[in-house]
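Enquirer: Structure for the following, please:
(2 chains)
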There are 2 protein chains.
Amino acid sequence: MKPVIVVHGGAGTIVQEYDKEYRSGVKRAALRGYDILRQGGDAVTAVEEAVVVLEDNPCFNAGHGSVLNEDGEVEMDAIIMDGKDLSSGAVSAVKCIANPVKLARLVMEKTDHLLLTCKGASLFAKSQGIPEIPGEELITERSRERWKKNLKSGSIPKSVVRGTGTVGAVAVDSQGNVACATSTGGVSNKMVGRVGDTPCIGSGGYADNNVGAVSTTGVGESIMKVTLARLILHYMEQGMSVEEASDAGLNYMKTRVDDTGGVIVVNSVGEWTAKFSSNQMSWAAVKDDNLQCGIYLGENMINPISETL
Amino acid sequence: MKPVIVVHGGAGTIVQEYDKEYRSGVKRAALRGYDILRQGGDAVTAVEEAVVVLEDNPCFNAGHGSVLNEDGEVEMDAIIMDGKDLSSGAVSAVKCIANPVKLARLVMEKTDHLLLTCKGASLFAKSQGIPEIPGEELITERSRERWKKNLKSGSIPKSVVRGTGTVGAVAVDSQGNVACATSTGGVSNKMVGRVGDTPCIGSGGYADNNVGAVSTTGVGESIMKVTLARLILHYMEQGMSVEEASDAGLNYMKTRVDDTGGVIVVNSVGEWTAKFSSNQMSWAAVKDDNLQCGIYLGENMINPISETL
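Expert: Below is the predicted model of the structure:
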């Protein structure tokens, strides 16, 4: 089985001046995940490490670079899922840690639970030796400016709040196992304790070796209403291709709750796609030692990975 | 359209001595919901009010009577969903309020969000004038004894932790609208901040006028892995009856993650079922002015509501 990894850096409207950093960010994450897969690593580790690269990149709305809630603080959500046995781990509204996706993996592997929230997630992080960092360290000038601008505007227009930059990854490894991971700071100026689709299994992500894996991005509330990740896999179970199922899922979300978003999908035989109904979505994928990447509709740049290293 | 309400008081093993109070508890809740429907009330209000009756009953693991987490505190989860437009509200790990399902409804109606957790949920409750009550008020002697017993046993056997008593309701009103609500204290001696299936849309419940509504009960972690509520509605979309879809969903959970649970389901034309793969599940339903109720497999007592009032 030839391994595949696909990553996204969020769906929405990407400001032209950040085009280059989004592009290099998703490429680096995809190459990191692929490197693990090429060395025989498993899909779970590949998606985790790819998402860590994106969380550490201040350009994206996850980990360092997360948007701020109404109180000016970072509260993050993340999920990881292993398609082998449907095991999963997630955290919601967690503060003061660098990599929520790593904590989500520990929830999956070290507890009997699937989701830990808020203070409980922090206590668990501490028990696992994950260092607590000052919340300030996760905040960028860009996210603070955005927060201030939204505060001033009084009532916040939905177009402003719309998050771009949620990150995610899906992979299939050489053994045919699939996995997904998604991580986010949520929507800017959100209420304290707001939890979006990301840590909600079936909405922010889902992985099942019998079908495939999905990671979603967009306005969490709309994604949750249609449990977008699970919906796309249901369509695939009914015989649709990864592209058809992704389009059908995004169309359903548009028709039913009038919203747009983006998804990355792999199936268990290594077919993959990156689809979005929003204006843009930054994404990158590696298969057969070729790196592909895009931001705009119809865009698909292909390069051998030997040229990119 | 003839209105229907179905409620459950949790799947699991029900100790014989509590048989009578479980039975009268679910009956009272179903009658309360039916009363609202009969007066032309909507499905959302009917499921909310039925669940409030169960939350207020110390016999059930929700609201007053919730099980305790490892720290000996009550942390509750709840969800409500309106099948008309897929709007939904939920709270997770919320403390010190009497009726989490009421707070979930306020999240649905008064915020742009779907899920508020922990401290954020408490802040929102305060802003809505919901009184904060001492956590102690939610604790019963029975839940404290159970917590102590689990603490003593050191490592807690899964059979002990298994929750019974999560509560839920599904309804279809005279306009043909469906709704669901689920509320729980979770599993006894759970980690601080553990969130189960209940507030997770598609797992603890789902409602869609085009198909029907589901509320689930059992071990949250297993229900989440198969997104049980959404799965059953997918089966119904593919043409299965409410009974077939419920059995198929519970069978899938047994086969795939080796666990049991229970569900209550209505479809948009008022067909309903209460199914469980666990030893027991307390449930009650009212349709055509007949009250039905059961706890054991195959049991179905029917009485005209005129005899029960």
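Enquirer: where do the strands sit along the stretch 151-300 of chain A?
Expert: A:167-172, A:178-184, A:194-195, A:205-208, A:212-218, A:261-267, A:272-276, A:280-287, A:290-294 (DSSP state E, counting those that start in this stretch).
Enquirer: closest one to residue B:33 among those?
Expert: Closest approach to residue B:33 among the strands of the stretch 151-300 of chain A (CB to CB): strand A:194-195, 27.9 Å. Glycine gets a C-beta too; all of them are placed from N, C-alpha and C.
Enquirer: doesn't residue A:228 make contact with residue A:256?
Expert: No - counting by CB atoms under 8 Å, residue A:256 does not reach residue A:228; the two are 10.7 Å apart.
Enquirer: What is the burial count for the residue in the stretch 151-300 of chain A positioned nearest to chain B?
Expert: Going by CB to the nearest CB, chain B is nearest to residue A:193 of the stretch 151-300 of chain A, at 1.4 Å. As a burial measure, residue A:193 scores 26 neighbours (other CB atoms under 10 Å in any protein chain shown).
Enquirer: and the spatially closest residue to it that is not a sequence neighbour, what element?
Expert: Counting by CB to CB, 6 or more residues apart in numbering or on different chains, residue B:120 is the residue found nearest to residue A:193 once chain neighbours are left out, at 1.4 Å. If you go by DSSP states H and E, residue B:120 is part of helix B:118-127.
Enquirer: Could you list the residues of the stretch 51-200 of chain A in contact with chain B?
Expert: A:85-88, A:92-93, A:111-121, A:123-124, A:158, A:190-196, A:200 (CB under 8 Å from any CB of the partner chain).
Enquirer: what about residue A:268, how many residues close to it?
Expert: So residue A:268, with other CB under 10 Å, has 19 neighbours.
Enquirer: Kindly report the same for residue A:61.
Expert: Neighbour tally, residue A:61, other CB under 10 Å: 31.
Enquirer: And it, how far from residue A:67?
Expert: 5 Å (CB to CB, to the nearest Å).
Enquirer: which of the residues in the lengthiest helix in chain A are buried?
Expert: When chain A is parsed with DSSP state H, its longest helix is helix A:19-38. By 16 or more other CB atoms under 10 Å in any protein chain shown, the buried positions in helix A:19-38 come out as A:22-38.
Enquirer: Over to stretch A:78-94?
Expert: Buried, per 16+ other CB under 10 Å, within stretch A:78-94: A:78-84, A:86-94.
Enquirer: still on that earlier bit, pick out whichever of residue A:256 and residue A:228 has more residues nearby.
Expert: Using other CB under 10 Å, the more surrounded residue of residue A:256 and residue A:228 is residue A:228, with 29 against 15.
Enquirer: Within range of chain B, give me the residues from the stretch 201-309 of chain A.
Expert: A:201-203, A:206, A:220-221, A:224-227, A:230-231, A:234, A:238, A:256-257.
Enquirer: Any stretches of the stretch 51-200 of chain A with poor pLDDT?
Expert: A:154-164 (pLDDT under 70).
Enquirer: Kindly recompute the last result at 50.
Expert: A:159-161 (pLDDT under 50).
Enquirer: What ranges does it have for its helices?
Expert: A:100-110, A:118-127, A:141-152, A:158-161 (DSSP state H, counting those that start in this stretch).
Enquirer: just the ones you listed: most buried one?
Expert: helix A:100-110 (a mean of 24; mean count of other CB atoms under 10 Å in any protein chain shown).
Enquirer: Alpha carbons of it, as PDB, please.
Expert: Only the C-alpha atoms of helix A:100-110 are listed here, as PDB (Å, rounded to 0.1, in the frame of the first residue of the first chain):
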ATOM      1  CA  PRO A 100      -3.600  20.300  21.800                       C
ATOM      2  CA  VAL A 101      -3.400  17.500  19.200                       C
ATOM      3  CA  LYS A 102      -0.700  15.800  21.300                       C
ATOM      4  CA  LEU A 103      -3.000  16.000  24.400                       C
ATOM      5  CA  ALA A 104      -5.800  14.600  22.300                       C
ATOM      6  CA  ARG A 105      -3.600  11.600  21.500                       C
ATOM      7  CA  LEU A 106      -2.900  11.100  25.200                       C
ATOM      8  CA  VAL A 107      -6.600  11.200  26.000                       C
ATOM      9  CA  MET A 108      -7.000   8.400  23.400                       C
ATOM     10  CA  GLU A 109      -4.200   6.200  24.600                       C
ATOM     11  CA  LYS A 110      -4.000   6.900  28.400                       C
END
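Enquirer: Report the angle between it and strand A:167-172.
Expert: Helix A:100-110 and strand A:167-172 are oriented at 50 degrees to each other (axes from the mean of the first three to the mean of the last three CA atoms, to 10 degrees).
Enquirer: ok, residues contacting helix A:100-110?
Expert: Contacting residues not belonging to helix A:100-110 are listed as A:44, A:48, A:51-52, A:55, A:62-63, A:76-82, A:87-91, A:94, A:97, A:113-116, A:121, A:124-125, A:128, A:130, A:181, A:183, A:199 [CB atoms under 8 Å, 6 or more residues apart in numbering or on different chains].
Enquirer: The same query, at a cut-off of 6 Å, please.
Expert: Applying CB atoms under 6 Å, 6 or more residues apart in numbering or on different chains, the contact partners of helix A:100-110 are A:48, A:51, A:76, A:78-80, A:87-91, A:94, A:116, A:125, A:128, A:181, A:183.
Enquirer: just stretch A:222-236 next, same as before
Expert: So stretch A:222-236 is in contact with A:197, A:200, A:202-203, A:205-206, A:211-212, A:214, A:216, A:245-246, A:248-249, A:252-253, A:257, A:259, A:261, B:86, B:114, B:201-202, B:227, B:230, B:234, going by CB under 6 Å, 6+ apart.
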